[in-house]
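Chemist: Sequence plus the predicted model coming up.
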Amino acid sequence: MPAKILIVDDEPPIIELLSYNLKQAHYDIVTATDGEHAIAQARHEQPDLIILDLMLPRIDGLEVFRILRRERDVPIIMLTARDAEVDRVVGLELGADDYIIKPFSVRELLARVRNVLRRATAPPGEPPPAVIRVGGLRIAADRYEAHWNAVPLTLTPLEFDVLLILARHVGQVLSRECLLDDVWGYTYHGDARAVDAVIKRLRTKLRKAAPGVDLIVTIRGIGYKLVKNQ
């Protein structure tokens with residue numbers, strides 16, 4: 001069964017362009033042209049992925065994002081104008097899986113759709129999972145499960161993938177560009193805000209499970225590394 005994608009944009013040419021190309025790539029497409037319609041469509045259609053413009057009538061895209069993420073952990077790719085940097089940062093910190101800046105390349109958008117859907121589909125639990133242990137942190141890679149001692153970590157697929165890459169290179173500094181290449185599978189043309197936003201969310205969740213323990217260290221001007229703590 002093809003993945004279902006909800007496209008939300010108030011510009012008919014954008015809706016038409018995305019719908020045509022995503023249908024050609026064998027996705028099932030539903031659309032919405034304002035915030036209220038987007039929420040209704042998401043609830044009724046239960047899409048596997050949402051492409052969400054942030055500049056919407058009735059209810060703006062960031063509020064739509066907040067409402068939908070409270071209800072279901074559906075992957076969301078944001079569409080933003082080139083000068084909408086503040087909205088882009090807020091969206092990333094809220095937990096957006098990716099973003100595309102208008103005007104965009106259809107080929108690039110299709111690549112990002114494939115990568116987000118790949119992350120959102122957990123691999124099967126067989127054979128038995130390979131387990132990575134870093135101090136009190138335990139990651140079952142094949143099950144998409146992570147624990148701090150006995151405390152389960154509730155991570156999005158994107159957060160899990162970033163943590164997994166860091167754990168596989170424990171003690172080693174990974175640049176933002178390296179993380180972009182390993183996790184996203186393509187380059188953000190020099191914009192590493194997505195990495196910083198995911199690291200910020202990961203730190204918040206890790207500190208909640210392990211108060212007083214800093215597992216992810218920033219190496220200023222270079223990147224991040226995971227350190228071993230008991």
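Modeler: On my side now, so go ahead. These figures come from a predicted structure and were not determined experimentally.

Chemist: contacts, neighbours, all on C-alpha from now
Modeler: Fine.

Chemist: Can you list the low-confidence ranges for the protein?
Modeler: Screening the chain residue by residue with the criterion pLDDT under 70, one finds the ranges 82-84, 121-129, 185-191, 230.

Chemist: So what does the most centrally placed residue in it have for phi and psi?
Modeler: Within the chain, one residue has its C-alpha closest to the average C-alpha position: by C-alpha atoms, centre = their mean, that is Asp97, at 2.0 Å. With angles defined as degrees, to the nearest 10, Asp97 shows backbone torsions of phi -80, psi -20.

Chemist: contacting residues around it?
Modeler: Residues touching Asp97, when contacts are defined by C-alpha atoms under 8 Å, 6 or more residues apart in numbering, comprise 75-77, 116, 158.

Chemist: for Leu166, same thing?
Modeler: The neighbourhood of Leu166, defined by C-alpha under 8 Å, 6+ apart, consists of 174, 225-226.

Chemist: How many neighbouring residues does Ala179 have?
Modeler: No, residue 179 isn't Ala; it's Leu. Counted with other C-alpha atoms under 10 Å, residues neighbouring Leu179 total 21.

Chemist: quick check, it in a helix?
Modeler: Yes - when DSSP: H, G, I helix; E, B strand; the rest coil is applied, Leu179 is found to be in a helix.

Chemist: quick revisit: can you tell me which of the contacts of Asp97 comes closest to Tyr20?
Modeler: Ile77 (17.7 Å; C-alpha to C-alpha).

Chemist: In three-state terms, label the closest one for me.
Modeler: The assignment at Ile77 comes out as strand when based on three-state DSSP.

Chemist: okay, now it: neighbour count?
Modeler: The burial metric for Ile77, expressed as a neighbour count using other C-alpha under 10 Å, is 22.

Chemist: partners of it in the sheet?
Modeler: As for beta bridges, Ile77 partners with Ile51, Asp98 under DSSP bridges.

Chemist: picking that back up, if you look at the contacts of Leu166, which of them are in strands?
Modeler: If you go by DSSP state E, those have 174, 225-226 in strands.

Chemist: Save these as CSV, and put in distance to Arg203 and neighbour count too.
Modeler: Formatted as CSV, these follow (distance: C-alpha to C-alpha, whole Å; neighbours: other C-alpha atoms under 10 Å):
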residue, distance to Arg203, neighbour count
Leu174, 16, 19
Lys225, 12, 22
Leu226, 11, 23
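
Chemist: Please tabulate those residues in JSON lines, including the columns distance to Ala150.
Modeler: Shown next, in JSON lines, are those (distance: C-alpha to C-alpha, whole Å):
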{"residue": "Leu174", "distance to Ala150": "27"}
{"residue": "Lys225", "distance to Ala150": "23"}
{"residue": "Leu226", "distance to Ala150": "19"}
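
Chemist: Of those residues, just say which sits nearest to Ile7.
Modeler: Of all those, Leu174 has the smallest distance to Ile7: 34.1 Å, by C-alpha to C-alpha.
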